[in-house]
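1. 3D model of this:
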Amino acid sequence: MSFFKKFFSKKKEEDLDKGLEKTKDSIFGKISKAVAGKSTVDIEVLDELEQILITSDVGLDTTVKIIERIEARVARDKYVNAAELNEILRDEIVQLLAETNTEQLEDFTFPDKGRPYTLLVVGVNGVGKTTTIGKLAHQYVQRGKKVVIGAGDTFRAAAVDQLQIWADRVGCDFYAKGMNTDPAAVAYETVNYAVQHNCDIAIVDTAGRLHTKKGLMQELSKIKRSMGKRMEGSPDEVMLVLDATTGQNAIEQCTQFSEATEVTSLALTKLDGTAKGGVAIGISDQFKIPIKYIGVGEGMDMLQIFNKRAFVDSLFKKSDKSKIQ
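-> Numbering: from 1, shown residues only. This next block holds a predicted model:
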């Protein structure tokens, strides 16, 4: 590995570690208290561990799976030292995530279809859709791809302007029809622009909407159909952006949006601002939809490929604040 590859690999690792610091401190601080003075992993320890995982927003169903795995391991090994719980928990989560069988991206790439690759981005207001689109476009431009961003959020004040600023900032093409126009038409014409200007990828934004509002959710299906009318098979990908700080509500949003729009990928943002990073474990376990990207900071390069093993390794990496004695 060259010096520069080593440097950027190390930087990504450091960014991930820093981004997960709040979650790490929360989980391991509580585990340290749970095992203090314990010589074995008993029912009391397991009960406390269950509560720790649930309050870290791993989710009830996934937590039950993890606890059952640890119980089976304790029964099999007969004697497990409480001090080993950190490593045991790590191993079981790694194995659990490995069972999702989702494709692991190695870089910011997309399939070469011999035509523009089309990405429709959805999610509720405030999750970081615009920022994620900008950061993703930046990564593609850095790799020599011709990118166009379509401003399909035509209802929110300044949404079009914000996306234009991002396009100018990263140096990609931009398509918009202004405020209060038909978002389905914007989506159609963005795909058309991508075809006519030989773009490698078209990223279409949509208005944020509450997942409980059925009318707005149904409109996403119209937008998707509109893209398909201009180019068969479009959109190639429907990405749902989720805010990690919302914890279990992110799982509910994933459920509702996937039913309305056939979500094919996820981006989990704001991991650096929450102790609820365990939600990534729950989402990975409960849905067959891959988490492709995670946001671990505000910088333009702070959007990372979600690597399940690297995520767990970072989460369980001991620090001065999060040690099991």
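2. list the buried ones in stretch 174-194?
-> 174-177, 181-184, 186-194 (16 or more other CB atoms under 10 Å). (C-beta placed from N, C-alpha, C; glycine too.)
3. which residues of the protein fall in helices?
-> Here the chain has its helices, by DSSP state H, at 3-19, 21-35, 43-55, 60-77, 85-98, 129-142, 159-170, 183-196, 214-230, 248-261, 279-286, 308-315.
4. which of those helices is buried the deepest?
-> With neighbours taken as mean count of other CB atoms under 10 Å, those reach their highest mean count in helix 279-286, at a mean of 24.
5. that one packs against which elements?
-> Applying 3 or more CB pairs under 8 Å, 6 or more residues apart in numbering; DSSP states H and E, we find helix 279-286 packed against helix 60-77, helix 85-98, helix 248-261, strand 265-269, strand 291-295.
6. returning to that earlier point: can you put the helices of the chain in a markdown table and add mean pLDDT and distance to residue 206?
-> Shown next, in a markdown table, are these (pLDDT from 0 to 100; distance: least, CB to CB, whole Å):
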| stretch | mean pLDDT | distance to residue 206 |
| --- | --- | --- |
| helix 3-19 | 65 | 26 |
| helix 21-35 | 77 | 29 |
| helix 43-55 | 88 | 32 |
| helix 60-77 | 88 | 29 |
| helix 85-98 | 83 | 29 |
| helix 129-142 | 96 | 8 |
| helix 159-170 | 94 | 10 |
| helix 183-196 | 97 | 6 |
| helix 214-230 | 85 | 6 |
| helix 248-261 | 83 | 9 |
| helix 279-286 | 86 | 20 |
| helix 308-315 | 83 | 27 |
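7. will you turn the ones you listed into JSON lines that also has distance to residue 112?
-> Listed next are these as JSON lines, based on distance: least, CB to CB, whole Å:
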{"stretch": "helix 3-19", "distance to residue 112": "23"}
{"stretch": "helix 21-35", "distance to residue 112": "36"}
{"stretch": "helix 43-55", "distance to residue 112": "41"}
{"stretch": "helix 60-77", "distance to residue 112": "35"}
{"stretch": "helix 85-98", "distance to residue 112": "28"}
{"stretch": "helix 129-142", "distance to residue 112": "13"}
{"stretch": "helix 159-170", "distance to residue 112": "21"}
{"stretch": "helix 183-196", "distance to residue 112": "14"}
{"stretch": "helix 214-230", "distance to residue 112": "19"}
{"stretch": "helix 248-261", "distance to residue 112": "24"}
{"stretch": "helix 279-286", "distance to residue 112": "27"}
{"stretch": "helix 308-315", "distance to residue 112": "25"}
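8. residue 295 is nearest to which of those?
-> Proximity to residue 295 (CB to CB) singles out helix 129-142 among those, at 6.7 Å.
9. can you give the distance of that closest one from its chain's centre?
-> Centroid separation for helix 129-142 versus its chain: 14 Å, with CA atoms, centre = their mean, to the nearest Å.
10. between that helix and strand 265-269, how big is the angle?
-> 110 degrees (axes from the mean of the first three to the mean of the last three CA atoms, to 10 degrees).
11. return the residues in contact with residue 127.
-> Residues near residue 127 by CB atoms under 8 Å, 6 or more residues apart in numbering: 208, 241-243, 246, 269.
12. let me redo that: residue 265
-> Here residue 265 is in contact with 237-240, 289-292 (CB under 8 Å, 6+ apart).
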